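[1] Here is a sequence together with a model predicted from it:
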Amino acid sequence: MTTQTTPVLEARDVTMRFGGLTAVRSVDFTVNSGEIVGLIGPNGAGKTTFFNCLTGLYVPTEGKVSYKGTVLPPKPHLVTQAGIARTFQNIRLFANMTVLENVLVGRHTRTKEGLWSALLRGPGFKKAEKASEDRSMELLDFIGLAHKRDHLARNLPYGEQRKLEIARALASEPGLLLLDEPTAGMNPQETRATEELVFAIRDQGIAILLIEHDMRFVFNLSDRVAVLVQGEKLVEGTPQVVQADERVVAAYLGTPFEGAPGADEVAEVEAAEADADTATPTATADSTTSTRGESQ
Amino acid sequence: MTEILTKTDPATRGLVPLPHAAARVLLLAGGAATAASAFLAWTWTSAFPGDLTINGYPGGLQWLTFTAGILTVLFALARYGTPGLGWLSPTGNNAPVVLSALGALGTTWFTVIAIATDLGGLTNLEPGAYVAAVASLLPLLAALALPQQGAGEQTAKETLGHYIAKAERIPAPRATAPWIQRLVITAVTIIGLATFTYGIDTEYGELFIGYLFVVVFTLWALHTAGLVDRFSALVAGNRSFTLAMGFAAAIAFPFTQTDDHYANIGVNILIFGTVALGLNIVVGLAGLLDLGYVAFLGVGAYTAALVSGSEFSTFSGVQFPFWAAALSGAAASLIFGVLIGAPTLRLRGDYLAIVTLGFGEIFRIAVNNLDGDSGPDLTNGPNGIPAIPDLSFFGYNFGESHDIAGFTLGRFANYYLLMVLIMAIVVLVYTRAADSRIGRSWIAIREDETAATAMGINGFRVKLVAFALGASLAGLAGTVSAHVTYSVVPNPYQFAGSTPPNSAFLLAAVVLGGMGTVAGPLLGAALLYLLPEKLVFLQDKSLLAFGIALVLLMRFRPEGIIANRRRQLEFHETGQLDVPDTTTLTDQPAVTKTGA
């Protein structure tokens, strides 16, 4: 794929401590332009903390994060201004604003009409408003929601709300888009549609950083995948490399306790699940023991 | 009677067992009789205000009974599909008839009971009063006998609910020429002005209560008939014309008054409404609960008083022209807004409310103490700054009466007209600010501050702009209020009191009228000013009554009297009501374009 070497986002030696707890430990991380990078890890691995360091919500205790060579300011709105846009894991649209208004809010950093120009309504104001609206309609067209421009965001179906959130983030003309679990709660069809959408955004020259739990989605999309476990970067590489790495398997499924988990064992579990209700608690117990790092 | 009832289809029965033909006749006859009973003498003595003793000519409250009776007849005829009246009841539902009959019943029975209690006993009632009481009962009974879906199957309570329910689907009106639409808006404006003027001019509390009965039930009837929705659609299509008509009506008000006292009420309502509209920017748009807002009105008023040339002012030699005084009042409020906002706006929600409440009180206590004793001499402490001279524009002295085209404009009428101008500015500022980049970021902050920040909005800065803008608009209104009241004293600028404006009443006007709308806070302010003014007998219980009214409103209409579209959808799960008529809901997957 398009792997140019200009880094868009560079995190150097990022450490985040909360009191005695080190949530993220000296993580180096790079996203190059035109790249889709996946960030995975079991729950509690520090993904969100790391994410918050990138978006300016937290200031890293050590290390620094730079975007296109400049160190990121420690304020979320300045990070967006610099060119990093994000979506949220649990959708955070402006529920009582219309679809178009949501995207227009996303244009905030790329327009600068203040109160005075709003009150005076000069030609410059009208031109800027028109340009914002045109650009927003383009984006709505891009995600396929142009026909719903006057609906309230809260009345959109779930999948469309996710898309609208992406359109709103794109409205700030970012160089890097951070997607926090973009397929959470989606059915397979919607997930596939999101895949296409992410590729389409990448093709516009916007680098993408994904945090995701849907492994198939991440491995399908990403040019590179980084695995975060217990605050440290375990592996980074192509999806093939990561998938094959034993430590990743161990981090997600636990260390094999009785030889390698073979095909017959999987078949056994499946048979037990399909069999009867009595088998279910066993299966559940198995999965809890195996996902060592899994804690909310 | 009963055999007909058993034969009727249960789905089209009425609640009151009456044959339909009889009900229809009784409804008309009852309405007419109610109107006619207003021509009888209801009491023997003119001790009851309004003089209801004359046979053949209605007086005072009888006019209200007459109006309500006529309205019932009109709604009934429209309900029967009388040619020419179809517009009055587009869906032909029962609710307008039932509600207008209720209005007639309410005002008539209120009058009769008021006569009996005021004068001490039923003996004070003339036969005419009994006729009116019975006559006003008939249309309601008859209206409840009209066929109604669900009657007889559901409980009486549910059926009653159906009887006063709004029509579910209001047919779109026929397309009308623009001049007809404007004619309708003009007519409604004139009727509105006349109604409002009548309400302000009511001379005694009983008349005002009767007036409230008729107005509230008539508006409710119009709402259930779907006419309010139709009119809103009409307004949406002719926004600037409606705005112009509204201001024309506001300007026309003092010319309809013969007594300057009512212009005084008018100017106070305008000051109150303008400040409420400024607060609406802070509360309604940006979602910042400000409980000390009246302080900014105070800052504006004190600034204007200090530079007014009053001999009691610390700067008694200084007399700014009004435009300069207005600007300095607004600027002083702006500075105070920024000073108070800068440290507090980092707080969210309840914390901000508490801190603003504190700052509001600090202002009042501070001006109380800046008397040269316990602080520098600036405000004369509790005595305030009296003897503020009247304004004068190009030789037009606001303190004197002027005759213009045969109308006499008194002192308050002059200030009223000035205040209309100020309100026009505030309305312009509000609408323009709301519909812009900054307005959208206010709403975004209100909706979800975290997401708004992630969209690049500097939350603190945007909130500070809202706070400062709201403050300076209040300050602007304050400069006029200082001149209207002759003097400024610290006491009115408190959190809660029995007379507006105070912070609690301002907030209530915004919430009651409808947050995020222009008309809402103005209507709320008018109501909150008029009610304590007119219902003198409530005086010491007015805060209690006011609290009860707010609780009831929050229970039944949390979005306020005039609902902002967003708010309405927020509080009532109405599904896809916001879907514009023009869009077609296609099921094609919305992703198709992204693959390209």
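    Sure, I can see it.
[2] List, one by one, the residues from the stretch 151-300 of chain B near chain A.
    Remark: no part of the stretch 151-300 of chain B is in contact with chain A, using CB under 8 Å from any CB of the partner chain. For the C-beta atoms, the positions are set from N, CA and C on the backbone; glycine is no exception.
[3] give me the low-pLDDT residue ranges for the stretch 151-300 of chain B?
    For the stretch 151-300 of chain B, applying pLDDT under 70 flags the ranges B:151-152.
[4] and the nearest residue in space to residue A:239 that is not next to it in sequence, how many neighbours?
    Spatial nearest neighbour of residue A:239, chain neighbours left out: residue A:219 (4.0 Å); criterion: CB to CB, 6 or more residues apart in numbering or on different chains. Using other CB atoms under 10 Å in any protein chain shown, residue A:219 has 17 neighbouring residues.
[5] Kindly report the same for residue B:492.
    So residue B:492, with other CB under 10 Å, has 19 neighbours.
[6] Which elements pack onto the helix ranked longest in chain A?
    The longest helix of chain A (DSSP state H) is helix A:123-143. Contact partners of helix A:123-143 among helices and strands, from 3 or more CB pairs under 8 Å, 6 or more residues apart in numbering or on different chains; DSSP states H and E: helix A:99-106, helix A:115-120, helix A:158-170, helix B:437-447.
[7] CA atoms only for the helix or strand in which residue B:263 is found - export them in CSV, please.
    Take DSSP states H and E as the rule and residue B:263 turns out to sit in helix B:260-280. Taking C-alpha atoms only, helix B:260-280 is exported to CSV below (Å, rounded to 0.1, in the frame of the first residue of the first chain):
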residue,chain,number,x,y,z
ASP,B,260,-49.8,56.4,31.3
HIS,B,261,-50.0,53.9,34.1
TYR,B,262,-50.4,51.1,31.5
ALA,B,263,-47.5,52.4,29.5
ASN,B,264,-45.5,52.1,32.8
ILE,B,265,-46.5,48.4,33.0
GLY,B,266,-45.6,48.1,29.3
VAL,B,267,-42.1,49.6,29.8
ASN,B,268,-41.4,47.4,32.8
ILE,B,269,-42.5,44.3,30.9
LEU,B,270,-40.1,45.3,28.1
ILE,B,271,-37.2,45.8,30.4
PHE,B,272,-37.9,42.5,32.1
GLY,B,273,-38.4,40.8,28.7
THR,B,274,-35.2,42.3,27.3
VAL,B,275,-33.1,41.1,30.2
ALA,B,276,-34.8,37.7,30.0
LEU,B,277,-33.8,37.5,26.4
GLY,B,278,-30.2,38.3,27.3
LEU,B,279,-30.3,35.6,29.9
ASN,B,280,-31.7,33.3,27.2
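[8] quick one: buried residues of that helix?
    Neighbour-count burial for helix B:260-280, counted by 16 or more other CB atoms under 10 Å in any protein chain shown, picks out B:260, B:262-280.
[9] Isn't the residue nearest to residue A:239 up against residue A:241?
    No - look at residue A:219 against residue A:241 with CB atoms under 8 Å: they stay out of range, at 10.8 Å.
[10] can you give me the helices in the stretch 151-300 of chain B?
    All helices of the stretch 151-300 of chain B, identified by DSSP state H, counting those that start in this stretch, fall at B:156-163, B:178-201, B:205-225, B:227-237, B:239-252, B:260-280, B:294-306.
[11] Just want the angle from the fifth one to helix B:178-201.
    Between helix B:239-252 and helix B:178-201, the angle formed by their directions is 30 degrees, by axes from the mean of the first three to the mean of the last three CA atoms, to 10 degrees.
[12] in helix B:239-252, what's buried?
    Using 16+ other CB under 10 Å as the test for burial, helix B:239-252 gives B:241, B:242, B:243, B:245, B:246, B:249, B:250.
[13] which ones are touching the closest residue to the last one other than its chain neighbours?
    It refers to residue B:250. Leaving aside its chain neighbours, residue B:250 sits nearest to residue B:420 (5.0 Å; criterion: CB to CB, 6+ apart). Shown in contact with residue B:420 (CB atoms under 8 Å, 6 or more residues apart in numbering or on different chains): B:247, B:250, B:251, B:270.
[14] measure the second one to residue B:270 for me?
    Distance, residue B:250 to residue B:270, using CB to CB, to the nearest Å: 8 Å.
[15] can you list residues touching both of these two?
    Joint contacts of residue B:250 and residue B:270 (CB under 8 Å, 6+ apart) are B:420, B:423.
[16] Centre of the chain to the helix or strand harbouring residue B:512, how far?
    Under the criterion of DSSP H and E, residue B:512 resides in helix B:503-513. The chain centroid and the centroid of helix B:503-513 are separated by 11 Å, computed with CA atoms, centre = their mean, to the nearest Å.
[17] Against which helices or strands is the helix or strand following it packed?
    Going down the chain from helix B:503-513, the next helix or strand is helix B:519-534, by DSSP H and E. In terms of contacts (3+ CB pairs under 8 Å, 6+ apart), helix B:519-534 is packed against helix B:178-201, helix B:205-225, helix B:260-280, helix B:503-513, helix B:542-556.
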